[in-house]
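Colleague: Let me see the structure of the following:
(one chain, ligands or ions: 1)
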Amino acid sequence: MSRLPKLRSTSSPTGPISTGPTLGLPSTITTRNNLKRKADTIEEEPDDDAEYQEQRPRRKIAALGTARPTRPLQPARTAAANGARIASGGSSAAAPLPKPLTKPRAPAITRTAPRIRGTSAPPTQRPKPPSANRARVAAGRNAGSRTGANSIDDEIMTEQANLAALRSQHDTISAQLAESRALDSNHRRELIGFSDEIEQLKKKHTTEIEELQEKMQQRVKDVEDVSDELRLCREDLERERENATQLRTTIGEGETRISEFEARVSSLEAQNAELRAQTETLEASLSDTKHHLAASDAKLLELKQEVVEAEFVRRKLHNMVQELKGNIRVFCRVRPILPADTSSNGQRLASEDLAADIKYPDPDAETPNMIQLTSSTPAFSGPPRKETHTFTFDRVFAPQASQVQVFEEIELLVQSVVDGYNVCVFAYGQTGSGKSWTMEGGSGEEQAGMIPRAVEQVFRVAGEMRNRGWEYHIEGEFLEIYNETIHDLLTKESDYDSSKKKHEIKHDPKTRTTRVTNITTVPLTSPSQVHTLLSLAHSRRSVAATLVNERSSRSHSVFILRISGTHVGISSEPGAPLTGGTGERCSGCLNLVDLAGSERLNVSFANGTGPGGLPEKERVKETQNINKSLSALGDVIAALGDKYEREKSGKGEGHVPYRNSKLTYLLQNSLSGSSKTLMFLNLSPLAVHSGESLTSLRFATKVNNTQIGSAKKSGKS
Ligand SMILES: Nc1ncnc2c1ncn2[C@@H]1O[C@H](COP(=O)(O)OP(=O)(O)OP(=O)(O)O)[C@@H](O)[C@H]1O
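Modeller: Below you'll find the model as predicted:
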């Protein structure tokens, strides 16, 4: 398309062909179709042109000779020929024939007539149409005879003139034709150039169109992308609008709340102002209160000091009371007759028939301490001789006395342990007299014996003392002395009755404390733990012997409760630092001993099976060990009394034979003038045991009558 102006410019200089109407070119080429038509037209022409070139001489001749109707001119031509022959002397063969007097070939000119559309110049000279010539020939014929040869000559002359004119015209036209052809050739070349250019343009346009299509596709894609983006943007916008709506709602709500808060703030500010006024009043009041508080604190400190001093006095008085009571005391307890006692040898016996003659002369006394046992001794003649024995102890408990009542009497001794004294409580009596019942008790809470109650009491007292600035650590051990060998009742089952672990007794003279090596020591954090320890001890004994009671009757069991305390001070309120601690330390030890049966045993047998199913030899050894340890206990107590008397009378120190048995050696620090000792004498209520009861009562009286000095704190620092 861009080349079209060039086309116009190319043709423009040439301009319309003015030399002849037949070869005139269009003054302007405005469209490609016109160019195409032109090119087609020109492309057709080479054939005509070639034919024309080939046939040109012939056509010229034919145009001059054959294209015109020769018949009407034949006479004239003949005449002319004749005339010429005449004029030339009659040699027709040598004379050239005149060219036929015809007009130039009309079709060659008219063929291009449609292409000279728009040409304005008509042909300058146009030969007369053949019809005029014919008319003239006809007129000549008509005048034939009149005009004769002149007319023909004239006509020939005219024709010759015409011929000359035609030749001249022909030359002009030929020149024009040649020029037109040259021009045409140029135009063709130009057109070929144009065609190439058009092809290039086509290609270029195709490329451009493809590029444009690509661009267009890209644009379409871009448009799609943009549309997608736009859609997303619209969605975002929609969301944002929703958000904005929500935000507006929230803002609205927030504003409402702000207004509410503002109202509240103003209200609070008013309250604040009021409170400030109150605070100022309170601050003034607080200042006064602080002043009073400081005074109260000083008073409190003074009172605390008084409490500490009072505590010191209390302990001193308590110790004095214990001393007045005697550092070795004896309680006598008679067990009730049991259902099992009434069915002896398969016979049902009445309690009265079974009961020993025991009386309690002072049942209404505040602290009954007398017991009467009437024994009957067979006489040589007559009825048995009856003899009444009256004994006095620190306290006597009749069969109906409960565990609680019994414990009330030893409560103060437990207090002494917490205060840092060594205490020894042991139960003495024949087998079945109620020693284990007294020390351990039954399964119910009311039936709980001295051991669980003592542990509970220790925890209770330790708790009370904590309020007075003391902190305690409590631990327990439970062991058994059987055949002069110590067994750990809290150890592993396999170690209990084996010789795997050797236990030795170690004393510390400085702190007056005793330790048994390799013994299991259980830290006690609650009183209930003691029940676990008692159960464990029972299970160990059941493994060791087929008859559990038998083993417990034939061995001494010792429950050791150790307590150590430090005066750390008191905190004024929970979490506050402790103040007023003196750092005083004390440690006490409570030994609760269940002795083996004290009945006098017949050791004369040497063969066979003894009581309890043991071989005689074993039984003899066992009996000897029990007798030895019990008599050693009696000896130690007697030696302590003797020692006390010697010290009192200034006769020097006496010897106490602690080493005569494992039991006395173990209890050395708890069985001395500086400790507190309590002996339970357990008696059987049965008449059959009266003799043994009498022996036990006599032994207990000896103990009770022994003065063993004043107790001293152990482990004091
Ligand atoms: N005060 C009492 N109230 C009720 N039952 C008692 C009392 N004292 C002892 N018993 C019962 O008497 C029986 C014998 O008591 P216990 O086993 O305590 O005697 P023991 O002296 O410890 O005998 P052993 O030396 O064989 O151990 C037991 O069944 C016990 O429950």
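
Colleague: Could you give the separation of stretch 360-376 from the chain centroid?
Modeller: 76 Å (CA atoms, centre = their mean, to the nearest Å).

Colleague: what comes into contact with it?
Modeller: Identification of contacts with stretch 360-376 by CB atoms under 8 Å, 6 or more residues apart in numbering yields 332, 334, 356-359, 384-398, 690-691, 693-694, 697. In this view, the C-beta of every residue, glycine as well, is placed from N, C-alpha and C.

Colleague: One more pass at 7 Å, please.
Modeller: 332, 356-359, 384-396, 398, 690-691, 693-694, 697 (CB atoms under 7 Å, 6 or more residues apart in numbering).

Colleague: Do whatever helix or strand Glu409 lives in and the ligand come into contact?
Modeller: Glu409 is part of helix 403-418, with elements assigned from DSSP states H and E. No: contact of helix 403-418 with the ligand (CB under 6 Å from any ligand atom) is absent, the minimum separation being 7.7 Å.

Colleague: Do a quick rundown of the helices in the stretch 601-717 of the chain.
Modeller: In the stretch 601-717 of the chain, the helices defined using DSSP state H, counting those that start in this stretch lie at 616-649, 662-666, 690-704.

Colleague: circling back: list the buried ones in the helix holding Glu409?
Modeller: By 16 or more other CB atoms under 10 Å, the buried positions in helix 403-418 come out as Gln403, Val406, Phe407, Glu409, Ile410, Leu413, Val414, Gln415, Ser416, Val417, Val418.

Colleague: among the contacts of stretch 360-376, which are in strands?
Modeller: The strands, defined by DSSP state E, take in 332, 357-359, 385-392, 395-396 from those.

Colleague: Packing partners of the helix holding Glu409?
Modeller: Identification of packing neighbours for helix 403-418 by 3 or more CB pairs under 7 Å, 6 or more residues apart in numbering; DSSP states H and E yields helix 144-325, strand 395-397, strand 422-429, helix 450-466, strand 585-594, strand 676-683.

Colleague: Pull the residues that contact it.
Modeller: So helix 403-418 is contacted by 318, 322, 331, 333, 395, 397, 423, 425, 438, 441, 446-450, 453-454, 457-458, 461-462, 465, 563, 588, 590, 676, 678 (CB under 7 Å, 6+ apart).

Colleague: From the residues you listed, list the buried ones, please.
Modeller: 322, 331, 333, 395, 397, 423, 425, 438, 441, 448-450, 453-454, 457-458, 461-462, 465, 563, 588, 590, 676, 678.

Colleague: what pLDDT does whatever residue of the stretch 51-200 of the chain ends up closest to the ligand get?
Modeller: Nearest residue of the stretch 51-200 of the chain to the ligand, counting by CB to the nearest ligand atom: Gln200, 134.7 Å away. We have a pLDDT of 83 for Gln200.

Colleague: now do Ala401
Modeller: 93.

Colleague: Helix, strand, or coil at it?
Modeller: Classification of Ala401 using DSSP: H, G, I helix; E, B strand; the rest coil returns coil.

Colleague: That one - nearest residue in space that isn't next to it in sequence?
Modeller: Leaving aside its sequence neighbours, Ala401 sits nearest to Arg333 (CB to CB, 6 or more residues apart in numbering; 6.8 Å).

Colleague: hang on, the one you found packs against Phe397?
Modeller: Yes: counting by CB atoms under 7 Å, Arg333 touches Phe397, with 4.1 Å between them.

Colleague: what stretches of the stretch 301-450 of the chain score poorly on pLDDT?
Modeller: 315, 318-326, 344-352 (pLDDT under 70).

Colleague: Tell me the residues of it that contact the ligand?
Modeller: Arg335, Pro336, Leu338, Gly429, Thr431, Gly432, Ser433, Gly434, Lys435, Ser436, Trp437.

Colleague: tell me the contacts of the last one?
Modeller: With contacts defined as CB under 7 Å, 6+ apart, Trp437 is in contact with Arg335, Gly449.

Colleague: State the helix or strand in which it lies.
Modeller: helix 435-439.

Colleague: Centre of the chain to that helix, how far?
Modeller: Worked out by CA atoms, centre = their mean, helix 435-439 lies 58 Å from the chain centre.

Colleague: Kindly report the same for stretch 645-652.
Modeller: 79 Å.

Colleague: CA atoms only: put it into PDB for me.
Modeller: What follows is stretch 645-652, C-alpha atoms only, in PDB (Å, rounded to 0.1, in the frame of the first residue of the first chain):
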ATOM      1  CA  GLU A 645      23.400 -45.500 145.700                       C
ATOM      2  CA  ARG A 646      27.200 -45.500 145.500                       C
ATOM      3  CA  GLU A 647      27.300 -42.300 143.700                       C
ATOM      4  CA  LYS A 648      24.900 -40.800 146.200                       C
ATOM      5  CA  SER A 649      26.900 -42.000 149.100                       C
ATOM      6  CA  GLY A 650      30.200 -41.000 147.400                       C
ATOM      7  CA  LYS A 651      31.500 -44.500 147.200                       C
ATOM      8  CA  GLY A 652      32.500 -44.100 143.600                       C
END
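
Colleague: Looking at the ones in strands among the contacts of stretch 360-376, spot the one nearest the ligand.
Modeller: When those are ranked by distance to the ligand (CB to the nearest ligand atom), Cys332 comes first, at 12.5 Å.

Colleague: Around the residue in the stretch 151-300 of the chain that the ligand sits nearest to, how many other residues sit close by?
Modeller: At 48.0 Å from the ligand, Leu300 is the closest residue in the stretch 151-300 of the chain, using CB to the nearest ligand atom. Using other CB atoms under 10 Å, Leu300 has 13 neighbouring residues.

Colleague: let's have the chain start at 622 instead
Modeller: In the new numbering, first residue 622, that becomes Leu921.

Colleague: what residues are up against it?
Modeller: By CB under 7 Å, 6+ apart, Leu921 has no neighbours at all.

Colleague: repeat for His1310
Modeller: Contacts of His1310 by CB under 7 Å, 6+ apart are Ala977, Gln1051.

Colleague: gap between it and Ile1181?
Modeller: Using CB to CB, to the nearest Å, His1310 is found at 31 Å from Ile1181.

Colleague: ok, now Leu914?
Modeller: 47 Å.

Colleague: neighbour-wise, which of those two wins?
Modeller: Ile1181 (22 against 12).

Colleague: Backbone dihedrals for that one, please?
Modeller: phi -110, psi 120 (degrees, to the nearest 10).

Colleague: For it, list each beta-bridge partner.
Modeller: Glu1098, Asn1212 (DSSP bridges).

Colleague: Next up, the contacts around it.
Modeller: Ile1181 sits next to Gly1097, Glu1098, Cys1210, Asn1212 when contact means CB under 7 Å, 6+ apart.

Colleague: same question, Glu1098
Modeller: Leu1111, Val1137, Ile1140, Thr1141, Thr1142, Ile1181.

Colleague: Is it possible to mark the buried ones in the residues you listed?
Modeller: Here, 16+ other CB under 10 Å leaves Leu1111, Val1137, Ile1140, Thr1141, Ile1181 buried among the contacts of Glu1098.

Colleague: for the first one, helix, strand, or coil?
Modeller: Secondary structure assignment for Leu1111 (three-state DSSP): coil.

Colleague: which SS class is the residue nearest to it when sequence neighbours are not counted?
Modeller: Nearest non-adjacent residue to Leu1111, counting by CB to CB, 6+ apart: Thr1141, 4.0 Å away. Of the three states, Thr1141 takes coil under three-state DSSP.

Colleague: need the contact list for Thr1141.
Modeller: By CB under 7 Å, 6+ apart, the neighbours of Thr1141 are Glu1098, Asp1109, Leu1111, Thr1112.
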